[in-house]
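Trainee: what would the 3D arrangement of this be:
(chains A and B)
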Amino acid sequence: MENGFILLFGLSMLYLAATSRLISHIRLLIAQGVLLFLICCFGHSEHTGILNFSFLTIETLIVKAIIIPWFLFKILKKTNSHRDVAANIPHFYCLVIASVILLAGFLAANYWFSSVKMISPIYFGVSIATIVISLWLITIKHNIISNVIEFITMENGIFLLSLSVAKEMPILVNLGVLLDVFIAVYILGLFVNVINKEFKDLEVSNLSDLKDYEYND
Amino acid sequence: MINTLLIFPIIAGILMLLVRKRVFDNLLLNVYAVVHFVITLLLTFTQNFNKVTQYFAVDNTNKIFLLVLSFVFLMVTIYNNGYSKNLPSFGVQIKNTKFCLYWFMVLTFVWAMTGTILSTDLGIAWVFVEATTLSSAYLIFFNRTKNAIEAAWKYVFICSIGIALAFVGIIFLNISTGGINTLSYAALYAHAAEFDPMWLKLAFVFIVFGFGAKMGLAPIHFWLPDAHSEAPSPISSLLSATLLNSAFLVIVRVFKIMTLANCDSYARMILMLMGFLSIFVTAVFVYHIKNYKRMLAYSSIENMGILAIGTALGGTAYYAVILHLIGHSLAKASFFLTSGNILELFDTKRIKSVHGLMKADNKTGWLWIISFLAICAFPTSVLFISEFLIIKTMIVQEHYILCILFVLLLTIVLYGIGRVVVKMAFGEESKDKEKIVEQNKKKVTISMYIPQMIMLLIVFILGVYVPPVLNNVIKLAVFGF
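Mentor: Numbers count the residues shown, from 1 in each chain, chains lettered A, B, ... in the order given. Presented below is the predicted three-dimensional model:
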């Protein structure tokens, strides 16, 4: 059951790489939030106290599957942006490269780390692949909302990685991390609004005025 | 006592949000600065108080970091009293209620840095470091120009990703620990010898890159010149003199784990590489720079590089690192604050547009020159002692080529900065600038000179005489490496 959810989570990254409509990216974030919630529910009930556990899972659901996507929806409406078409690489190649990274994640986890008792290979492979795919997508996409979305998927990947370690982080740390991620997304969202007002579109290239050898006041 | 340090700003922050009056907010910030400093003095130099709570503690290692943070914060607050009267600068239109967030955010920023320094748990430290990013983002964005947006965006994005990768490092560290299910430094130190070296090394790379991004080490320093040059000057000096140190403290703590686990030669190599890269980057870029605040930001990168190199060398260099940290914080804070005066006077950050600083405003001119002498390790600046000790350690350890490279790069940086400083300080003002300076002169009040004078005085005194009490604290801090 749990492994199925993790696989779905990994496949969702392929979907992210292959599509360009921002609205479907945000729907995907909701799906990832729910998947993480389910993985939390099925995989980790035995490790922590019931209070901590329920608090963490519910917070995961609320922050990752409800508040952040809702907030991004609002920004999307405000800024009137629908598609991120200006990626450097065509979607087909994106899909191929993302699949290769995912495969590499599986292989690495199964061949190298299967000897380590504390981590389960499938968790580890998918989460590392998610982080790498997200970082790579950040570098090739040109729309700053996409960059924020990929930042969140990277954080999701890291969350999955922290679940893959059979030990728990202290509960305070987990809560702090969730809170920080939420605030980071909130602040980035505010900046997206400001950038939308100041510049004519949401291209990353607008944000390249500050240079060392030229002066800008 | 520790609780007061961390709870006072929460209450003060809530009050600020409720009241939102300039005078009141400023007053509260001043009160916090004084309270912070007094408590820090008590915690650092006396034995009578409770220094440990569950997640926060004052120990030998973080004492000196706390002291530097507290002192610089106090000085910046004094400067801020004069500076904030002229806000918002550049004719920016901001609603008064929004504008009052400035003090609230400074308060949150300092609170987050205090939390980072005092935390006894790697996870908690991570949470607070991320909190520093989020609170200072608003301050960098404060002037609301296009460039400020760009700087703030880069800052939040790069640092958040960096810090997220640091968290991956923390998870790897957690894997390497085996049976120990905690992230508290004390427990990690106690069991460090049993950790799995492969995972530990992997963890160290991620953690150094993550927190190194925050500390401003090359090759992940890109946010730093932008953010420092676009933030209001008191914030630039807080960023440079205290934020970078807090991130460095976390690296020092993790470095200690590496030492105890006998993986330190690996850690030293990485730090040495990043340190030299930082100085190299500064030496390359400082030459053709057009903006004097960017120049100071690059100098911060260079000095963080020196800290990394000192840590990598070990031995006597640890003592030098602590001295360098104190000296750099005070000298750079004063340098940035003085650059704030220049910005107020000339209304530009362009190096070419500023001439004849000495004639325009004698005191600012002298502060500019003396800050430069302090940062370029002119004897008796304490930085002279620290850099001398680092060079000596290199020679003792027979790293002759590194030593030559180090001196050469520092000389290049020194020449690059010195040329600009001299150009700006001397010569004749242009006619059109003269008028602007005359108009702006009344903006620079007495409280915008005093903090720099105090800090520079301390930097130059510490070069010849370190009080035994302080020396004791520094010596204890050396054991934290």
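
Trainee: contact partners for B:L17?
Mentor: If you count contacts by C-beta atoms under 8 Å, 6 or more residues apart in numbering or on different chains, B:L17 has them with B:F104. (Glycine included, C-beta is placed from N, CA and C.)

Trainee: which strand or helix spans it?
Mentor: helix B:2-19 (DSSP states H and E).

Trainee: what's the single longest helix in chain A?
Mentor: helix A:171-198 (DSSP state H).

Trainee: counting contacts, what elements does that helix pack onto?
Mentor: helix A:50-60, helix A:68-79, helix A:144-164, helix B:122-140, helix B:146-176 (3 or more C-beta pairs under 8 Å, 6 or more residues apart in numbering or on different chains; DSSP states H and E).

Trainee: now the angle from it to helix A:50-60?
Mentor: 10 degrees (axes from the mean of the first three to the mean of the last three C-alpha atoms, to 10 degrees).

Trainee: now find how far off-centre helix A:171-198 is within its chain.
Mentor: Helix A:171-198 sits 13 Å away from the centroid of its parent chain (C-alpha atoms, centre = their mean, to the nearest Å).

Trainee: that helix to helix B:146-176, inter-axis angle?
Mentor: Using the same axes, to 10 degrees: helix A:171-198 against helix B:146-176 is 160 degrees.

Trainee: buried stuff in helix A:171-198?
Mentor: The neighbour-count criterion (16 or more other C-beta atoms under 10 Å in any protein chain shown) identifies A:173-185, A:187-192, A:194-196 as the buried residues of helix A:171-198.

Trainee: and stretch A:55-73, end to end?
Mentor: 26 Å (C-alpha to C-alpha, to the nearest Å).

Trainee: is it in proximity to chain B?
Mentor: No: judged by C-beta under 8 Å from any C-beta of the partner chain, stretch A:55-73 makes no contact with chain B; its nearest approach is 13.9 Å.

Trainee: distance between that stretch and the chain's centre?
Mentor: 13 Å.

Trainee: list the buried residues for it?
Mentor: A:56-57, A:59-61, A:63-65, A:68-69, A:71-73.

Trainee: show me what contacts the spatially most central residue of chain A?
Mentor: Nearest to the mean C-alpha position of chain A, by C-alpha atoms, centre = their mean, lies A:T153 at 0.6 Å. By C-beta under 8 Å, 6+ apart, A:T153 lies in contact with A:M13, A:L16, A:L29, A:Q32, A:T130, A:I133, A:S134, A:L137.

Trainee: hmm, 7 Å instead?
Mentor: A:T153 is in contact with A:M13, A:L16, A:Q32, A:T130, A:S134, counting by C-beta atoms under 7 Å, 6 or more residues apart in numbering or on different chains.

Trainee: identify the farthest-apart pair in those residues.
Mentor: The most widely separated members of these, counting by C-beta to C-beta, are A:Q32 and A:S134 (11.0 Å).

Trainee: contact residues of chain B facing chain A?
Mentor: B:123-124, B:127, B:130-131, B:134, B:137, B:146-147, B:149-154, B:156, B:160-161, B:164, B:167-168, B:171, B:174-175, B:181, B:183, B:226, B:285, B:288-291, B:294, B:348-350 (C-beta under 7 Å from any C-beta of the partner chain).

Trainee: type out the ChimeraX command that picks the buried ones from the residues you listed.
Mentor: Burial among the residues of chain B next to chain A is assessed by 16+ other C-beta under 10 Å; the matching ChimeraX selection reads:
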select /B:123,124,127,130,131,134,137,146,147,149,150,151,152,153,154,156,160,161,164,167,168,171,174,175,183,226,285,289,290,291,294,348,349
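
Trainee: in JSON lines, list the buried residues of stretch A:55-73 along with pLDDT.
Mentor: Formatted as JSON lines, these follow (pLDDT from 0 to 100):
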{"residue": "A:L56", "pLDDT": "78"}
{"residue": "A:T57", "pLDDT": "83"}
{"residue": "A:E59", "pLDDT": "83"}
{"residue": "A:T60", "pLDDT": "85"}
{"residue": "A:L61", "pLDDT": "89"}
{"residue": "A:V63", "pLDDT": "89"}
{"residue": "A:K64", "pLDDT": "89"}
{"residue": "A:A65", "pLDDT": "91"}
{"residue": "A:I68", "pLDDT": "91"}
{"residue": "A:P69", "pLDDT": "92"}
{"residue": "A:F71", "pLDDT": "91"}
{"residue": "A:L72", "pLDDT": "91"}
{"residue": "A:F73", "pLDDT": "91"}
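
Trainee: any chance of those in a markdown table, plus distance to A:L107?
Mentor: A markdown table is the format used below for the buried residues of stretch A:55-73 (distance: C-beta to C-beta, whole Å):
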| residue | distance to A:L107 |
| --- | --- |
| A:L56 | 31 |
| A:T57 | 31 |
| A:E59 | 34 |
| A:T60 | 29 |
| A:L61 | 32 |
| A:V63 | 32 |
| A:K64 | 28 |
| A:A65 | 30 |
| A:I68 | 32 |
| A:P69 | 32 |
| A:F71 | 37 |
| A:L72 | 33 |
| A:F73 | 37 |
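
Trainee: give me the distance between B:L260 and B:A333.
Mentor: 33 Å (C-beta to C-beta, to the nearest Å).

Trainee: many thanks, have a good one.
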